[in-house]
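Undergrad: For reference, the sequence and a predicted model appear below.
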Amino acid sequence: MRGRNLRSSTLATTLAATLAFGAISLLGAGFGLPGATAQPAKPPTGGDDEIEMGGEGDPAGPVDGGEIEMEPDEPEKDLDADLAAETDGAVKIDTTTRELKPVSWQDIVVVMRKPFLKIRRTDLMPFLSTTMNDNMVRHYGAGGQFNYFLTDVLAVGVEGQYYSKQFREPFDLVGRQARRLPTINKYNFSAALNFHYVPVYGKFAVLDKKLVAWETYFTAGVGVTQSEVVPRDPRFGSFTNLLITPNIGASMRFFLFQWLTVNVGIRDYIFVDQFEPVGRTTGMFETPEQAKANADSALINNVMFQVGVSFWIPPTFEYTTFR
Amino acid sequence: MKTFTRLVTGQWSGVAAPLAAALVLSAPSTAAAERKLDEEPAVRHRLLLVAKRLEATPMFESTINADFRHFIGGGLKLEYHLSDMLSFGGIIVGSTALDTKLTKRVMETLETCDGSPGNTQADCDMSREPSQTELTQHLNKIPMHGSVYVSLTPWYGKLAAFGKAFVNFDFYFQGGVAFASLKSACEDAVCNDPSPGVDTNPGDPMLGNPDDNPNNDPPLNGGFRPGLYLGGGIHVFVNDFIALDLAVRDYAFKDNPSGADFNADLFVSDVDSRFLHHLFVGFGVSVMVPFQVKRTR
């Protein structure tokens, strides 16, 4: 109750001060009052549009090439002194309700509110992916993710993707140059339950014109992948494996609209795959069942690069706190 | 509703007239202000963390997804930033070579030609597969590579990590000329074919048939190679003059990494070299000189 009163009085004071300042400014502009024309000093012309931080030489002297020094002559401001100072016409605010009292201006951080809220929103993301770490076979994936944000930094979701394969140059070279047939598995599909955590967010300017917000998030999950043996000898049949697949990853999300973001990321799908046995020939492990029973195992890190577009539901959001 | 009625009936005409005038007068000025805002920079008073500074970056670099050999090494990047967006520079890296898992797996299965029964040099010459020595000595190395480039930094910004660390960053893209010094070291005892692909005894149909064994041909994959360079990366500024530099770089030049017959004509020639992309990931620590940073207006 007390907090509400304080907030109300603070709002009222702010509103009053704003109106008063606006009125004085208008009057000042109309009548040419020097005190009301709070225009910043006109910058030096004819040079680069930049100023020096902690520069050398006399800070009060002329600036070479239109640049001025940023090292201030004035002493550092003291918050306690400023708070204690009486100001004519200002309304004194009760600050006793604050539990933490800032000790200097350095402790007061002005943070813009986030330009995009995700809490209690759903992210539908179709995406494309490709293999990053296999020099024999490259997989292209197409899939989708469905993520629900429990908070603004934590989400739970599911994903699924379908793969198609393409043999790379070394697959042929090993056969032609070294006379060896590579043992290869292809991946058919995968699905996973994932958790996402957003520890990093920021904004950047594009060509010094447009600001874009972005964030980095980490993903961890578990699911299944179906792999399929590509037989070295096409006379023999292939077999499939359903593999438990933990995954970890890191991605970036770029906020373009309230309802649309673009995501790029890297995901490592980890599983123990079953490969065609080396000695498979006529009379030995001929059938897929025999080959699967004698399959060779290996730990695989299938690292994929992913690009996706997220559509957010609901497509808009409302802030629940003041700016 | 009451206010609207009074406005219509004229009771508030003393207020309405100046208000309407103000609205009419403010409309064009608002549009002009919006147009002017569009022309303004997105960020004012920002730190010019790279403009007119020399960037020196000791760095580590490693290939990504190499076929036969990984190249891992260290080097130096020197770059001068003409402005906050445009810069030029150069990279030079010295590398050592490590066999990939693919090479190791193939190697394990190849004949050793160690002179043991059934594994003599004569036995090896009868087969079409290379010996372990032949495969190893045909692979080349890249002891030195680098580039000279122009760099564009169109994106800069600020990020917060875990709500605690607030740092500046920028993304950059580079394009230019690549170069590489390739090293091939096949001993004469291994690469002993003086005229690959040539019938040395054309008069004798049984001897010296057109050479069909590329395994003893010189690999022809050494020397200086110019090419093209593309790169992209990110600076994450630890303070005003030190930044972490993470980049992906593509040095593209003619190469035949295996030193073997690529086009299946059964001998090794310059035609087997092709324009290949050599992808590297680099990590370095950039030091910006001078240490003092400027700020925009």
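TA: Thanks, I have the structure now.
Undergrad: Could you pull out the strands in the stretch 151-297 of chain B for me?
TA: All strands of the stretch 151-297 of chain B, identified by DSSP state E, counting those that start in this stretch, fall at B:165-183, B:223-237, B:242-255, B:274-289, B:294-296.
Undergrad: So is the fourth one next to chain A?
TA: No. Shown here: strand B:274-289 not in contact with chain A (Cβ under 8 Å from any Cβ of the partner chain), separated by at least 9.0 Å. Every C-beta, even on glycine, is put in place using the N, C-alpha and C of the backbone.
Undergrad: Strand partners (parallel or antiparallel) of that strand?
TA: Applying DSSP bridges to the sheet, strand B:274-289 is found paired with strand B:54-63 (antiparallel), strand B:242-255 (antiparallel).
Undergrad: still on that earlier bit, for the strands of the stretch 151-297 of chain B, give me CSV that also has mean pLDDT and mean neighbour count.
TA: Shown next, in CSV, are the strands of the stretch 151-297 of chain B (pLDDT from 0 to 100; neighbours: other Cβ atoms under 10 Å in any protein chain shown):
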stretch, mean pLDDT, mean neighbour count
strand B:165-183, 94, 18
strand B:223-237, 96, 18
strand B:242-255, 96, 20
strand B:274-289, 96, 17
strand B:294-296, 75, 20
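Undergrad: Out of these, which gets nearest to B:Leu48?
TA: strand B:294-296 (4.5 Å; Cβ to Cβ).
Undergrad: Give me the sheet partners of that closest one and which way each runs.
TA: By DSSP bridges, strand B:294-296 pairs with strand A:50-52 (antiparallel), strand B:47-48 (antiparallel).
Undergrad: Comparing the ones you listed, which yields the minimum mean pLDDT?
TA: Of all the strands paired with strand B:294-296, mean pLDDT reaches its minimum on strand A:50-52 (a mean of 50).
Undergrad: what does the stretch 101-250 of chain B put close to chain A?
TA: Counting by Cβ under 8 Å from any Cβ, the stretch 101-250 of chain B comes close to chain A at B:102, B:106, B:109-110, B:127-130, B:135, B:154-162, B:169-171, B:214, B:240.
Undergrad: Please indicate which of the residues you listed are buried?
TA: B:102, B:106, B:110, B:129-130, B:135, B:155-160, B:169-171, B:214, B:240 (16 or more other Cβ atoms under 10 Å in any protein chain shown).
Undergrad: what residues are up against the residue nearest to the spatial centre of chain B?
TA: With distances taken as Cα atoms, centre = their mean, B:Arg249 lies nearest the centre of chain B, 0.7 Å away. Going by Cβ atoms under 8 Å, 6 or more residues apart in numbering or on different chains, B:Arg249 touches B:61, B:91, B:147, B:174, B:229-231, B:233, B:279-282.
Undergrad: before we move on, what about B:Phe280?
TA: Going by Cβ under 8 Å, 6+ apart, the list of residues near B:Phe280 reads B:61-64, B:71, B:93, B:248-251.
Undergrad: switch the cut-off to 6 Å
TA: B:61, B:63, B:249 (Cβ atoms under 6 Å, 6 or more residues apart in numbering or on different chains).
Undergrad: Kindly reformat those as JSON lines containing distance to A:Trp312.
TA: Converted to JSON lines, these look like this (distance: Cβ to Cβ, whole Å):
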{"residue": "B:Glu61", "distance to A:Trp312": "39"}
{"residue": "B:Thr63", "distance to A:Trp312": "39"}
{"residue": "B:Arg249", "distance to A:Trp312": "35"}
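Undergrad: possible to save the strands of the stretch 151-297 of chain B as TSV with distance to A:Phe116?
TA: As requested, the strands of the stretch 151-297 of chain B are exported to TSV (distance: least, Cβ to Cβ, whole Å):
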stretch	distance to A:Phe116
strand B:165-183	18
strand B:223-237	21
strand B:242-255	25
strand B:274-289	30
strand B:294-296	26
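Undergrad: how much space between A:Gly221 and A:Met125?
TA: 14 Å (Cβ to Cβ, to the nearest Å).
Undergrad: how about stretch A:227-241 against chain B, any contact?
TA: No. Using Cβ under 6 Å from any Cβ of the partner chain, we find that stretch A:227-241 stays clear of chain B, coming within 12.7 Å at best.
Undergrad: contacting residues around that stretch?
TA: Contacts for stretch A:227-241 (Cβ under 6 Å, 6+ apart): A:181, A:184-188, A:226, A:273-274, A:276, A:288, A:292.
Undergrad: now do stretch B:180-189
TA: Contacts to stretch B:180-189, defined as Cβ under 6 Å, 6+ apart, come from residues B:137, B:140-145, B:219, B:221-225, B:253.
Undergrad: What of stretch B:48-63?
TA: By Cβ under 6 Å, 6+ apart, the list of residues contacting stretch B:48-63 from outside reads A:50, B:70-81, B:83-84, B:93, B:168, B:237, B:245, B:280-284, B:286-289, B:293-294.
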